[in-house]
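K.L.:
just the structure for this:
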Amino acid sequence: MSYLREIFRVREDNLKRLFKIKISHNPSDGRFREDLIKTILDIVPQKYNVSNGFIIDTQGNLSNEMDLIIFDDIYVPKFFMETYSVIPIESVVAVVQIKTKLDSTKLKNAIINLNSIDKLTPQKGGKIISASKGTEIIEERFILPLKIIVCGSSSTILTADKCSDIDIIYSIGKEEKDLILIKNIESSSIVSKECNIENMRNNRKNNKNYNINSNEKLYKFSFAILKYLTLINNSMIVNYEEY
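P.N.:
Presented below is the predicted three-dimensional model:
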């Protein structure tokens, strides 16, 4: 086993123990779940932040409350979080719902919450390829955030058909149903100016090509997120005056 895999094996063992201890002492407390999952999201690069709250667009549309949001901290002014506790959709790269035990009803509710970001309309941003061109947008695009569910354990069998709206489901427990499902997402996560974002969302949903595993789950979870972030690691231009 490689050094890196061994680190993640130890971290995953600790995560399982902490989840089990906290659930037995205070099963109704959602804050501890968020804090525990935050600890495993320290894999994301420093430019990103992790918080809970709501997501907004320039039209005033508001998502349901998210347990965790991964967003580009560099492009979000502090007053968005300190004053309004909302995050502009253009800066969001992933949304997370966390459940202690996932059953069919909780899975359905988590999907509804995550899908609430689909009613938001992001501005068309872009990446700057040449510094000599100043702030000119060379390639226009949208970012389509990852939809993620993390649970302590699962009492429902996780299949591609049930989870097609979701990009990653990570069930931490050790039982047979506790799996990790990771959708195979390539550069199609970035929408060019020729594409319609609704078509992109439909294409993502209709993609049922998952990798399903029961071992090294935290390792696979962490690096699936990192792989996605490498696809979008370019500066986004956001017009905050519209907010």
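K.L.:
could you use CA atoms for every contact and neighbour count after this?
P.N.:
Fine.
K.L.:
tell me the contacts of D165?
P.N.:
With contact set as C-alpha atoms under 8 Å, 6 or more residues apart in numbering, D165 has these partners: 111, 115, 147, 204-205.
K.L.:
okay, these in JSON lines with secondary structure, distance to D103 and neighbour count next?
P.N.:
Converted to JSON lines, the contacts of D165 look like this (DSSP: H, G, I helix; E, B strand; the rest coil; distance: C-alpha to C-alpha, whole Å; neighbours: other C-alpha atoms under 10 Å):
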{"residue": "I111", "secondary structure": "helix", "distance to D103": "12", "neighbour count": "20"}
{"residue": "N115", "secondary structure": "helix", "distance to D103": "18", "neighbour count": "17"}
{"residue": "K147", "secondary structure": "strand", "distance to D103": "18", "neighbour count": "22"}
{"residue": "R204", "secondary structure": "helix", "distance to D103": "24", "neighbour count": "22"}
{"residue": "K205", "secondary structure": "helix", "distance to D103": "21", "neighbour count": "15"}
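K.L.:
for these, which one is nearest I157?
P.N.:
Proximity of the contacts of D165 to I157 (C-alpha to C-alpha) peaks at I111, which lies at 15.5 Å.
K.L.:
my read: S63 touches S116, true?
P.N.:
Yes - using C-alpha atoms under 8 Å, S63 is in contact with S116, at 5.2 Å.
K.L.:
looking at the two, which one has more neighbours?
P.N.:
The neighbour count for S63 versus S116, taken as other C-alpha atoms under 10 Å, is higher for S63 (21 against 16).
K.L.:
direction included, what does the strand ranked longest in the chain pair up with?
P.N.:
For the chain, the longest strand by residue count, based on DSSP state E, is strand 92-102. The pairing partners recorded for strand 92-102 under DSSP bridges are strand 66-72 (antiparallel), strand 146-154 (parallel).
K.L.:
name the nearest residue to K38, ignoring sequence neighbours.
P.N.:
Distance criterion C-alpha to C-alpha, 6 or more residues apart in numbering; nearest residue to K38, sequence neighbours excluded, is V50 at 7.1 Å.
K.L.:
buried ones in the strand or helix carrying the one you found?
P.N.:
If you go by DSSP states H and E, V50 is part of strand 48-56. By neighbour count with 16 or more other C-alpha atoms under 10 Å, strand 48-56 contains the buried residues 48-56.
K.L.:
which elements pack onto it?
P.N.:
strand 66-72, strand 86-88 (3 or more C-alpha pairs under 8 Å, 6 or more residues apart in numbering; DSSP states H and E).
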